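Trainee: I need the structure of the sequence given here:
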Amino acid sequence: MKWDEFIVTGEPMILMAQISIIVASIAIVAGLTYFKKWGYVWKEWLTTVDHKRIGIMYILAALLMLFRGGVDALLMRAQTSMPENGLLDGQHYNEIFTTHGVIMILFMAMPFIIGLMNIVTPLQIGARDVAFPRLNAISFWLFFAGAMLFNISFVIGGSPDAGWTAYFPLASTEFSETVGNNYYAIAIQIAGIGTLMTGINFIVTILKMRAPGMTLMKMPMFVWSNLITNVIIVFAFPVLTVALALMTTDRLFGTQFFTTANGGSDMLWANLFWVWGHPEVYIVILPAFGIYSEIISTFARRNLYGYKSMVISMVAISLLSFVVWAHHFYTMGHGTMVNGIFSITTMAIAVPTGVKIFNWLFTLRKGKIQFTSPMLYALAFIPIFTIGGVTGVMLAMASADYQYHNTMFLVAHFHYVLIPGTVFAVIAGFIYWWPKIFGFSLNEKIGKITFWFIAISFNVTFFPMFVTGLNGQARRMYTYSESTGFGALNMLSFVGALGLAIGFGLLVYNIYWSTRYMPRNETSDPWDARSLEWATHSPIPEYNFALVPTVESTEAFWDQKKNNIPLFKGKYEPIHMPNNSGIPVILGVLFFFWGFFMVFSWWIPAIVAIIGIFACMVYRTFEKDHGHYISVEEIEETENKSRGAHA
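Mentor: Numbers count the residues shown, from 1 in each chain. Next up is the predicted model:
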């Protein structure tokens, strides 16, 4: 490839992005060098195997991707805010809505969920870490390598442009000659391998490392949602792995898996993608349901209503999520029988989801509700998500979907599902568990202002799309004529998108303000919390629990506080902890370069990178690392210091 084809040039926005990347990189290197923090960053963060720090890094990456995906969203809303706008041409609009979808779902929602899962799940089950700490670190670095590889496509080679679903033949080399969709296939593949490792790790952790007395039916609802989510990951992500492998061979080696003229089938891609894609929706939704369950029961000051029915409904959702995929392409030539079957299964999945809505409402009934900022997100979620669910039932009817499918009505529907169903939840969980992670609270006043900006602006942005969609505005179109009459409502959507940007900016400002001015260690229990994770100190010590707790109910921490039921028994003993390791971060770097070389078909350096990857794996098998022990004296010192801070 020639140099002028390698580096994307000629566009002001791309030039600004290139300059921003260079300036940010120089600033980070200069800052770490000036403050002499290279050793600290390497030893304490980059090489860490501590589930809490890995969770924080997932969340930092997710916030970075939220900014990148948010810029894409603002550009799309700006482009369609008025008829025949020339801000973006058709090619750049295609690239932006493709990267927006991939980044927001795979590189923002997923890592935010997995980050909270990493931090909270071991604490809620009374474990000192996950089952496989180094595998956990490798999972993060593979995700991060995939995310960074995908994002550099914007400035090196060109972004993917076939939509976030990458339907063939649009994603083929015939219709997409640039390397953009190579980035799509390989970057998501790398990140997906990391996610699959996460699924295996957390299934083992939850099934094998629960505290004494914690049976499956005594687990917190967030843990249940994580267990079911990770089972879905283990079954769904191998399908995506196969699909992306076939896509890679089609694009790089000229195979014909998805080319109808040569014995393949473009519908094979659609089926494989959505066999993974619809369970993926529940991979990001079910943990959110678990977060809402924790928050609603805490701030309603009541036990969660219908614990068993909540568990059963999540299991039902997970099973049904695998038998609804064809509703994403009713309009692509299925017969009446197939469309009818998938219509029934799609409507059926609304039933267990409805059960959960009523469980939360009955938990709130007669509760002493505290309107904290996490609770506001949980309360707003219920009516907004219900709108998304009802419009989903409308789309589930195959005959009606012929009218709705390729319109902005569908865009409004899935945003009404995913934003309250996932984004509201991760923000609420982020605020709720923040004091447990860092030892101080976020400012509640700024938090509530942030909530109202986000909640109102969300509806201003997406509700008009229901109207324009029903009036015939097609999705994926980068422009439209003035005679359509869509201009006013699209401008309203753009105003709402600006409001959302302000809201997310306030969230970042709240973190900055609270870090500087909120008092530290003012209390170890800022909320009237109920679950086991609140039984340890704030911030959480390296070992989580000085003594392994003994659990006797689903409300273990609440029972300890209110009924004086002891959680911790016995005496301090040395605690074994795993050592940090540089292998995961080195593997992440090698996978990044392997993916980059594969994108451009540079086979020799790609082979060298593969050799490096296998060399790291071989080295790890012979590495003698027996971990380290925290002595009784160190434990007593930490416990006494924490008690004094919270006295």
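Trainee: quick one: residue 456 from residue 357, how far?
Mentor: Look at residue 456 and residue 357: by CB to CB, to the nearest Å, they are 22 Å apart. For glycine as for every other residue, the C-beta is placed from the backbone atoms N, C-alpha and C.
Trainee: more crowded one of those two?
Mentor: Neighbours per residue, other CB atoms under 10 Å: of residue 456 and residue 357, the larger number sits with residue 357, 18 against 15.
Trainee: So which elements touch the helix or strand harbouring that one?
Mentor: For residue 357, the host element (DSSP states H and E) is helix 350-364. Taking 3 or more CB pairs under 8 Å, 6 or more residues apart in numbering; DSSP states H and E as contact, the helices and strands that helix 350-364 lies on are helix 266-299, helix 307-320, helix 373-396.
Trainee: Go through those helices and pick out the most buried.
Mentor: Most buried of the helices and strands packed on helix 350-364 by mean neighbour count (mean count of other CB atoms under 10 Å) is helix 266-299; its value is a mean of 24.
Trainee: what residues are up against the closest residue to residue 325 other than its chain neighbours?
Mentor: Nearest residue to residue 325, sequence neighbours excluded (CB to CB, 6 or more residues apart in numbering): residue 274, at 3.8 Å. Counting by CB atoms under 8 Å, 6 or more residues apart in numbering, residue 274 makes contact with 325, 326, 328, 329.
Trainee: Could you pull out the buried residues of the helix holding residue 357?
Mentor: Residues of helix 350-364 classed as buried: 350, 352, 353, 355, 356, 357, 359, 360, 363, 364 (neighbour count, 16 or more other CB atoms under 10 Å).
Trainee: mind checking pLDDT for the first one?
Mentor: Per-residue pLDDT puts residue 350 at 90.
Trainee: Please verify my assumption that it contacts residue 393.
Mentor: Yes. Counting by CB atoms under 8 Å, residue 393 is a contact partner of residue 350 at 5.7 Å.
Trainee: host element of residue 123?
Mentor: According to DSSP H and E, residue 123 maps onto helix 110-124.
Trainee: how far off helix 266-299 does that helix point, in degrees?
Mentor: Orientation check (axes from the mean of the first three to the mean of the last three CA atoms, to 10 degrees): helix 110-124 against helix 266-299 gives 40 degrees.
Trainee: Tell me the helix or strand right after helix 110-124.
Mentor: The first helix or strand that comes after helix 110-124 along the chain, using DSSP H and E, is helix 133-151.
Trainee: Mind giving me the packing neighbours of that following helix?
Mentor: helix 51-79, helix 90-102, helix 110-124, helix 180-208, helix 583-599.
Trainee: CA atoms of it as PDB?
Mentor: The C-alpha trace of helix 133-151 is given here as PDB (Å, rounded to 0.1, in the frame of the first residue of the first chain):
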ATOM      1  CA  PRO A 133      -6.600 -13.600  37.900                       C
ATOM      2  CA  ARG A 134      -4.100 -13.600  35.100                       C
ATOM      3  CA  LEU A 135      -6.700 -14.800  32.600                       C
ATOM      4  CA  ASN A 136      -8.700 -11.800  33.800                       C
ATOM      5  CA  ALA A 137      -5.800  -9.500  33.000                       C
ATOM      6  CA  ILE A 138      -5.400 -11.100  29.600                       C
ATOM      7  CA  SER A 139      -9.100 -10.600  28.900                       C
ATOM      8  CA  PHE A 140      -8.800  -6.900  29.600                       C
ATOM      9  CA  TRP A 141      -5.700  -6.300  27.400                       C
ATOM     10  CA  LEU A 142      -7.200  -8.300  24.500                       C
ATOM     11  CA  PHE A 143     -10.400  -6.100  24.700                       C
ATOM     12  CA  PHE A 144      -8.300  -3.000  24.900                       C
ATOM     13  CA  ALA A 145      -6.100  -4.000  22.000                       C
ATOM     14  CA  GLY A 146      -9.200  -4.700  19.900                       C
ATOM     15  CA  ALA A 147     -10.700  -1.300  20.900                       C
ATOM     16  CA  MET A 148      -7.600   0.600  20.000                       C
ATOM     17  CA  LEU A 149      -7.100  -1.200  16.700                       C
ATOM     18  CA  PHE A 150     -10.700  -0.500  15.700                       C
ATOM     19  CA  ASN A 151     -10.300   3.200  16.600                       C
END
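Trainee: circling back to that earlier point, can you check what angle separates the helix holding residue 357 from helix 266-299?
Mentor: Computed by the same axes, to 10 degrees, the angle separating helix 350-364 from helix 266-299 equals 10 degrees.
Trainee: got the contact list for helix 350-364?
Mentor: The contact list for helix 350-364 (CB under 8 Å, 6+ apart) reads 289, 292-293, 296-297, 300, 302-306, 309-310, 312-314, 316-317, 320, 378-379, 382, 385-386, 389, 392-393, 396.
Trainee: 7 Å - rerun?
Mentor: 289, 292, 296-297, 300, 302, 304-306, 309-310, 313, 316-317, 382, 386, 389, 393 (CB atoms under 7 Å, 6 or more residues apart in numbering).
Trainee: what's the answer for stretch 614-626, then?
Mentor: Here stretch 614-626 has contacts from 579, 583, 586, 587, 590, using CB under 7 Å, 6+ apart.
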